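Undergrad: fold the stuff below for me.
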Amino acid sequence: LAQVAGPTLWARATKVTAQEPLSDPDLCWSISDAIGGCQQLSELNLYWQDSSIADSHVTYCLGKLPTQVLESTTLSFGGTAVSDVTAAVLGNVMGTCKNLQFAQLALHDTQLTDTGGRAVALGLQKCSALQHLDLRLFGTL
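TA: As a prediction, the model looks like this:
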């Protein structure tokens, strides 16, 4: 995806939606690198639920988010093996999204515990512009 579109196109992108099932979790690396090149990205939607992605894939992707300009995001990792490791990084990243107004976070049916849920909540508390939050944490440990 990133190699086909080229870096110039990605740099101008303001909205990215990745909805395809990840049959190859290593595709996360390429998509994450492409997202990191989107300096004007205000909306990001990742639907990677029910796949074999792991904490390492998700935390790498989260580290690439353009947090200074992001206004809206849907991050769907439900039905995966992500754990409190992902939740800690997600909380830290969300805490730096000063312009975030809409967040939909689907972390249901994962390996998250109360510790991970608290990490996400602490990060979201720092999102002073947040107006809409849809947080799905059912079916966790």
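Undergrad: so where does residue 133 fall, helix or strand?
TA: strand 132-136 (DSSP states H and E).
Undergrad: what are the contacting residues of that strand?
TA: 78, 101-108, 120, 124 (C-beta atoms under 8 Å, 6 or more residues apart in numbering). All C-beta spots, glycine's among them, are computed from the backbone N, C-alpha and C.
Undergrad: select only the buried ones of these in ChimeraX?
TA: Buried subset of the contacts of strand 132-136, written as a ChimeraX selection, criterion 16 or more other C-beta atoms under 10 Å:
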select :78,101,102,103,105,106,107,108,120,124
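Undergrad: of the contacts of strand 132-136, just say which sits nearest to residue 65.
TA: residue 103 (11.9 Å; C-beta to C-beta).
Undergrad: quick one: name whatever helix or strand follows the helix or strand that closest one falls within.
TA: In the assignment (DSSP H and E), residue 103 maps to strand 102-106. Where DSSP H and E defines the elements, the next helix or strand beyond strand 102-106 is helix 114-125.
Undergrad: quick one: contacts of that following helix?
TA: Outside helix 114-125, the residues touching it (C-beta under 8 Å, 6+ apart) are 83-84, 86-88, 90-95, 103, 105, 107, 130, 133, 135, 137, 140.
Undergrad: can you report how many residues lie near residue 134?
TA: 10 (other C-beta atoms under 10 Å).
Undergrad: that one and residue 100, how far apart?
TA: 13 Å (C-beta to C-beta, to the nearest Å).
Undergrad: spatially nearest residue to residue 123 (excluding sequence neighbours)?
TA: residue 91 (3.2 Å; C-beta to C-beta, 6 or more residues apart in numbering).
Undergrad: quick one: pLDDT of the one you found?
TA: If you check residue 91, the pLDDT there is 96.
Undergrad: low-confidence ranges in this protein?
TA: 1-25 (pLDDT under 70).
Undergrad: and with 80 instead?
TA: In the predicted model of the chain, residues 1-27, 141 satisfy pLDDT under 80.
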